[in-house]
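Engineer: Quick one: sequence and predicted model below, then my questions.
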Amino acid sequence: VIVPTYNEASLIEDRLENLKSQNYPRELMEVLVVDSSSDGTADIVEEWCRSKGGMNLRLVREKERRGKLHALNTALKHTHSASDVIVFTDADCFWEDGALSKVVSYFADSEIGSVTGGIFYTGSEIELGEDMYRDYYNVLRIAESKRHSTPVHNGPLLAIRGEILRKVGLPNYPGSDDSAFGSFIAFMGYRAIQVDDAIVREPIRGNQFRRKIRRAQHLLLNFLRIKRYAKKMGLYTRSWSFEKIWKMEWWLHVANPWLLVSSVALLVVSVVLHGSIIALALLGTGSLLLALKMYRIWMLQQVYLVVAALRNLWIKEEMWSR
Ligand code: GDD
Ligand code: MN
C-alpha cells in the first residue's frame with residue numbers, strides 16, 4: 001500500500017490507524033509512505049511506528065518535492081518484487097472496513113488488471129454540488145466496469161496487479177496521477193474496474209474550485225494522451241467493448257463542453273444581431289433550468305472542463321497547493 005505525503009502532519013496518524021484497522025492478514029501487507037514534506041510528517045510517521053506501530057511500514061524520504069506521480073514512481077522502486085497487488089492511496093481519506101480485502105479479491109480473476117473503490121464524501125461539507133456529482137459519477141463508473149472497464153480511476157483507493165506494474169510502470173506524463181491508470185490498464189487488454197463494495201470516505205478540504213479545475217485538467221490530459229502513450233509504448237491491444245466506452249467518455253470530456261460554449265455564443269449572436277425571439281426563448285429556458293440542482297451541476301462540470309482545457313495550455317499542475 002503506497003501513501004504519498006506532502007505536508008500531512010495533521011492527518012497522517014489517523015490514516016495509518018485506518019490502514020492498520022483493515023482486516024487483512026498483517027504479514028501479507030506492507031505500507032510504504034513516500035514523503036516530501038516540510039512540516040515534519042516523516043518524523044510523525046517514524047514516531048508512530050516506534051510508539052504504536054504493529055504493521056509493516058517503511059518510510060521513504062524524498063530529498064525534494066517533485067509531485068505525486070514522482071513520489072509514486074519512487075515508491076515503486078521500493079516495493080517487493082513478489083507483491084501481487086500494489087495499492088495506491090492518499091493521506092486524506094479513510095477506507096471503510098474490509099475495503100482492502102474486497103479490492104484484492106477481484107484479482108483472483110486473471111482478466112482484471114486494476115480495481116478502484118468508490119469515493120463518498122463525509123458529513124455535511126457538501127460544496128459545489130459535489131455530492132450529486134459523485135452519485136452520478138459512481139453510477140457511470142460501475143456501469144462501465146460491468147461492461148468492460150472504466151477509463152477513470154480514483155486515487156484514494158486504486159489497486160493494480162503487481163506483475164503489470166513491474167513490467168510497464170506507471171504512465172508517465174504530466175497529469176497522470178490516478179485517473180489515467182484505468183485507461184492505461186484497459187488499453188493493455190486487461191479490465192480496469194470500479195467496484196461498489198469497496199468504499200472510501202474523503203473529507204473535502206482546501207479550495208474546492210481550484211481542485212475541481214485541476215482534476216478536470218488531469219482528466220482532459222488523460223483523454224488526450226493516454227491512448228497514444230499506450231500505442232507508443234507498444235502496449236495497446238484493441239478491445240471493442242472498451243473502445244465504445246472510451247469514445248463516449250472522450251466525447252463527454254473533450255468535445256461536449258465546447259458544444260455548450262458554441263451554442264450559447266450562437267444564440268447570443270442571434271439575439272443581438274438578428275433580434276431572434278426563438279434564440280432569446282432558448283437562452284431564457286436554459287437560464288431558468290439552472291434552478292434545478294441536477295442541471296446546474298451538469299452545467300458547472302462543463303464550465304470546469306472549458307476552463308481546464310484553456311488552463312492546460314499554460315500549466316499542467318503536477319504539484320499543487322491546497
Ligand atoms: N510525496 C508527495 N509529493 N506526495 C504528494 C505530493 C508531492 O509533491 N503532492 C501531493 N501529494 C500527496 C498528498 O499528501 C496526498 O496524500 C495525495 O498526494 C493527494 O494529494 P491532495 O493534496 O490530497 O490532492 P487532492 O485531494 O486534490 O487529490 C486528488 O486529485 C489528484 C489528481 O489531481 C486525489 O484524487 C488524488 O489521488 C489525485 O492524484
Ligand atoms: Mn486529497
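Structural biologist: Yep, that arrived. Ligands and ions are numbered 1, 2, ... in the order given.

Engineer: Now do the lengthiest strand in the chain: which elements does it pack against?
Structural biologist: Ranked by number of residues, the top strand in the chain under DSSP state E is strand 191-201. Packed against strand 191-201 by the contact rule (3 or more CB pairs under 8 Å, 6 or more residues apart in numbering; DSSP states H and E) you find strand 94-95, helix 99-105, strand 112-120, helix 130-147, helix 179-187. Backbone N, C-alpha and C define where each C-beta goes, glycine included.

Engineer: Could you give the bridge partners of the residue nearest to Thr79 when sequence neighbours are not counted?
Structural biologist: Excluding its sequence neighbours, the residue lying closest to Thr79 (CB to CB, 6 or more residues apart in numbering) is Ile86, at 6.0 Å. Counting by DSSP bridges, Ile86 is bridged to Ile160.

Engineer: Tell me the secondary structure at whichever residue of the stretch 101-250 of the chain sits closest to ligand 1.
Structural biologist: Going by CB to the nearest ligand atom, ligand 1 is nearest to Gly155 of the stretch 101-250 of the chain, at 1.7 Å. When classified by DSSP: H, G, I helix; E, B strand; the rest coil, Gly155 comes out as coil.

Engineer: Hmm, Asp177 and it touching each other?
Structural biologist: Yes: if you go by CB atoms under 8 Å, Gly155 and Asp177 touch, sitting 6.7 Å apart.

Engineer: what do these two both touch?
Structural biologist: With contacts defined as CB atoms under 8 Å, 6 or more residues apart in numbering, the residues adjacent to both Gly155 and Asp177 are Lys68.

Engineer: What residues does the residue nearest the centre of the chain make contact with?
Structural biologist: With distances taken as CA atoms, centre = their mean, the residue of the chain nearest its centroid is Asn154 (3.3 Å). Neighbour list for Asn154: Thr116, Gly117, Gly118, Ile119, Asp178, Ser179, Gln194, Val200 [criterion: CB under 8 Å, 6+ apart].
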